[in-house]
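I need the structure of the sequence given here:
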Amino acid sequence: MSGAMLLSQHLTELAAATLQETLGLDERPDPLLRAANPQHGDYQLNAAMALGKKLGRKPRDIAEEAAVGLRALDAVASAEVAGPGFINLRLRPSWVGQQLSAALAAENLGIDPVATKETIVVDFSSPNTAKSMHIGHIRSTIIGAAIVELLRAAGHEVIGDNHLGDWGTQFGLLIMGLREWGDDEALERDGVEELERLYTQAAAKKKDDEAFADAARQALAELQGGDPEKRALWERFMAITREAFDAVYDRLGVTFDEWLGESAYQDRLDGVVGLLLEKGLAKEDQGAIGVFFQELEGDIPKKMRKEGYAPFLIRKKDGAFNYATTDVATILYRQERWDADRSVYVVDTRQGQHFEQLFTVAKLMGIDMRLDHVGFGKILGDDGKPLRTRDGGVPKLMPFLDEAEERARVRIEELREEGRLRIEDADLDEAFKTIGIGAVKYADLRQNRMTDYRFEPDKLVELSGNSGPYIQYQYARIRSIFAKGGQNFEGFTAPIALDHEREQELARHLVKYPDVVHTAAETYQPHLICEHLYEVASAFSSFYGDCPVLGSPEEKSRLALCALSARQLEHGLSLLGIGVLEKM
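Numbering: from 1, shown residues only. Alright, predicted model coming up:
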């Protein structure tokens, strides 16, 4: 198999060439290669069904003829025809062993870069400032961070951007709140909690006090107009917020390449409005300016042309801009600064209409950039409703992580007492953090991101099933094999032979890892990595239970199989932002 080709691509090309030659076709057909039910084979070819109609022959006859040619391939152990014309392929263990040996010796575990490298901006986390991060931010943060790492692993140039909501109406209210009820000591002592108190009071007063509301709007206008006093207050609010955010991101092990919030684009907003007016895409209506899709030509979804469909407002009646204006400016900036090929927005599904409008406007402007909205569902409590605190509020993120880590601490101590975990006292603090935070991340990332999921804190730290601690435990188990055998884990290589059924079962999963990484990256689905890691961990456990490693005639080969399993587990967890422990 060539170095820059995925297993699925390689097998597709082999099968296509074989079908063309065996059947005497003028062109190479699509073999319609699919992963098969393991009971029937490793892969299934469905090409005979399509070719039957084209050639005027029975699909089963075509499949029988094609299977003869497929059986002659080095990669194929068997090619059996089933049903009306499906061909089930099993890969030859010796060939798979060669692929795994090469992957073990490679720095990238056989994950070769994409043929066409892109510059991609991933916009994720993006909380509003001057308030604490809450549970709703964890999904965007950890899903986005995983997508950044997946795209990098696939060979792309990736910029992770935390597009903070740092230029909104909350700042007019905060400035007025500080003026009315400000307490410097409380602000220094309590930081973002004091900002939340001031905002809550100001927002409540705004509802009943029109003069106060006008003053808040004026304060915001002065801030956005560059007033030095208001700017100094804003910078103070931002410093307090950044300190609180950094504490959360440090806890989660998440970093960003850029922190370009809404404020970074304030000087560009007039130009955006002018450009859309100049292009005839926006118009003024009752003092506001927006894009009215019903009145435009071009590639516009039908639903946007229906009467009553909301316009894409870029300037309000009072002259203020909104986040739609900022989002257009952001796309233009990313095109100008990085010549980005793609922008990815990791934002919950409820913002779907906004992004559909934004992307349509960008297309109408002639912006040649792929724009993807990566949505996700909600975290639910035991009652099946969005997770809430006892008083009905949205749980703040830091206390949520504290509770999760404390539950991990208690469970780890229980497992130590039961003798199921062997962690030295000196290593406990690292273990609590690595296992606890890793368990929270994995519990989220193993879900299909589009679905809502029920958070079950009592099941976070389990050494069985599809959980982060189970994957970490199997990794540590492999490291203990090398330690016990006096073997150097780092850099261990040896030819891999696959004679035992359990070896072959494990190998079938390991050989697919590069495909899984590339698929997860291109579809923005981190849960595919979790599925693969769980399959590898489970297959390794079965292999180790039935196949002695140390002291066996196959020791070197089996150690190599162990090493590749561990490296995939470690690498896959790292893509998810989860660490490992050498001893558990």
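
Just give the closest residue to residue 138, not the sequence neighbours.
Distances taken as Cβ to Cβ, 6 or more residues apart in numbering place residue 397 nearest to residue 138, at 5.9 Å, with adjacent residues excluded. Every C-beta, even on glycine, is put in place using the N, C-alpha and C of the backbone.

do the same with residue 541
Leaving aside its sequence neighbours, residue 541 sits nearest to residue 474 (Cβ to Cβ, 6+ apart; 6.3 Å).

so that neighbour is in which element?
Residue 474 is part of helix 468-484 when elements are defined by DSSP states H and E.

Surely residue 422 is in a strand?
No. Counting by DSSP: H, G, I helix; E, B strand; the rest coil, residue 422 falls outside a strand, being coil.

what residues are up against it?
Residues near residue 422 by Cβ atoms under 8 Å, 6 or more residues apart in numbering: 416, 583-584.

One more: residue 489?
The contact partners of residue 489, taken as Cβ under 8 Å, 6+ apart, are 479, 482-483, 563, 566.

Need the residues that contact the helix or strand hosting residue 143.
Element membership of residue 143 [criterion: DSSP H and E] is helix 136-153. If you take Cβ under 8 Å, 6+ apart as the criterion, helix 136-153 is touched by 111, 120, 122-127, 158, 160, 249, 252, 254-255, 344, 346-348, 374, 376, 379, 394, 397, 400, 440-441, 444-445, 449, 517, 520-521, 524, 526, 529, 574-577.

Find the nearest non-adjacent residue to residue 253, please.
Nearest residue to residue 253, sequence neighbours excluded (Cβ to Cβ, 6+ apart): residue 577, at 5.4 Å.

looking at it, that neighbour is touching residue 255, isn't it?
No. Residue 577 is not in contact with residue 255 according to Cβ atoms under 8 Å; the separation is 9.7 Å.

so what's residue 471 scoring on pLDDT?
Residue 471 is assigned 98 on the pLDDT scale.

Tell me the spacing between it and residue 567.
Distance of residue 471 to residue 567, computed by Cβ to Cβ, to the nearest Å: 13 Å.

go on, residue 546?
With the distance defined as Cβ to Cβ, residue 546 ends up 22 Å from residue 567.

Whichever helix or strand comes after the helix holding residue 474 - contacts with which helices or strands?
Tracing the chain past helix 468-484, the next element assigned as helix or strand by DSSP H and E is helix 501-510. Contacts defined by 3 or more Cβ pairs under 8 Å, 6 or more residues apart in numbering; DSSP states H and E place helix 501-510 against helix 93-105, helix 527-546, helix 555-575.

circling back to that earlier point, weed out the non-buried ones from the contacts of residue 422.
Applying 16 or more other Cβ atoms under 10 Å to the contacts of residue 422, the neighbour count classes 416, 584 as buried.

From the contacts of residue 422, which land in helices?
Assigned to helices by DSSP state H, the following of the contacts of residue 422 qualify: residue 416.

Out of the contacts of residue 422, which is nearest to residue 507?
Relative to residue 507, the closest of these is residue 584; by Cβ to Cβ it sits at 24.8 Å.

from what I can see that closest one touches residue 474, true?
No. The pair residue 584 / residue 474 is not scored as a contact, 9.3 Å apart, by Cβ under 8 Å.

Roughly how far does the residue nearest to residue 138 sit from residue 248?
Residue 397 is 6 Å from residue 248, where distance means Cβ to Cβ.

Between residue 546 and residue 567, tell me which one has more neighbours.
Ranked by neighbour count (other Cβ atoms under 10 Å), residue 546 and residue 567 place residue 567 first, with 20 against 12.

what do residue 397 and residue 248 both touch?
Residues touching both residue 397 and residue 248 (Cβ under 8 Å, 6+ apart) are residue 133.

Could you check which of the two has the larger neighbour count?
With neighbours defined as other Cβ under 10 Å, residue 397 and residue 248 compare such that residue 397 has more, 23 against 20.

Give me the pLDDT value at that one.
With respect to pLDDT, residue 397 scores 93.

Now for it: which residues touch it?
Here residue 397 is in contact with 132-135, 137-138, 248 (Cβ under 8 Å, 6+ apart).

As JSON lines, those residues with pLDDT and distance to residue 57 would be great.
Shown next, in JSON lines, are the contacts of residue 397 (pLDDT from 0 to 100; distance: Cβ to Cβ, whole Å):
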{"residue": "132", "pLDDT": "92", "distance to residue 57": "68"}
{"residue": "133", "pLDDT": "94", "distance to residue 57": "63"}
{"residue": "134", "pLDDT": "91", "distance to residue 57": "62"}
{"residue": "135", "pLDDT": "89", "distance to residue 57": "59"}
{"residue": "137", "pLDDT": "94", "distance to residue 57": "58"}
{"residue": "138", "pLDDT": "95", "distance to residue 57": "56"}
{"residue": "248", "pLDDT": "97", "distance to residue 57": "63"}
